[in-house]
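> Okay, predicted coordinates and the sequence, questions at the end:
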Amino acid sequence: MEWQFERLVIPRDFTRSAVTRMLVERAEHGGWELDRLQLSPDGTRRIVLRRKIIRQRSTVYFGTLA
């Protein structure tokens, strides 16, 4: 399985509820899920999101022309 990653750095002046709303929005509409969250001593949040890369196979149709 292959994953696509997105890294975010969120400043300390964003509230916890604002960050939660943003992450929920990305999860519901973009298919992202939380991989890692690191809270630094200065209050900055470093977030890594991930989502599955879905490869579509090309389909070939060999039908009859009638």
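Thanks, I have the structure now.

> now the helices for the protein?
16-30 (DSSP state H).

> Quick one: low-confidence residue ranges for this protein.
By pLDDT under 70, the weakly predicted segments of the chain are 63-66.

> what are the ranges of the strands in it?
Along the chain, counting by DSSP state E, strands occupy 3-10, 33-39, 45-52.

> wait, which of the ones you listed is closest to residue 61?
Smallest distance to residue 61 across the strands of the chain (Cβ to Cβ): 26.9 Å, for strand 45-52. (Each C-beta comes from the backbone N, C-alpha and C, glycine too.)

> elements contacting the closest one?
Applying 3 or more Cβ pairs under 8 Å, 6 or more residues apart in numbering; DSSP states H and E, we find strand 45-52 packed against strand 3-10, helix 16-30, strand 33-39.

> Report the inter-axis angle for it versus strand 3-10.
Per axes from the mean of the first three to the mean of the last three Cα atoms, to 10 degrees, the angle that strand 45-52 makes with strand 3-10 is 160 degrees.

> Could you list the paired strands of strand 45-52 along with their orientation?
strand 3-10 (antiparallel), strand 33-39 (antiparallel) (DSSP bridges).

> picking that back up, identify whichever of the helices and strands packed on strand 45-52 lies nearest to residue 58.
Nearest of the helices and strands packed on strand 45-52 to residue 58, taken as Cβ to Cβ: strand 3-10 at 20.8 Å.

> What residues sit buried inside that closest one?
For strand 3-10, the neighbour count (16 or more other Cβ atoms under 10 Å) marks residue 10 as buried.

> now stretch 34-48
Neighbour counts using 16+ other Cβ under 10 Å place 45, 47 of stretch 34-48 among the buried residues.

> Report the separation between the two terminal residues of it.
Using Cα to Cα, to the nearest Å, the end-to-end distance of stretch 34-48 comes to 6 Å.

> what comes into contact with it?
5-12, 14, 19, 23, 27, 49-50 (Cβ atoms under 8 Å, 6 or more residues apart in numbering).

> Using a markdown table, please lay out the strands paired with strand 45-52 together with distance to residue 45.
As requested, the strands paired with strand 45-52 are exported to a markdown table (distance: least, Cβ to Cβ, whole Å):
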| stretch | distance to residue 45 |
| --- | --- |
| strand 3-10 | 4 |
| strand 33-39 | 6 |
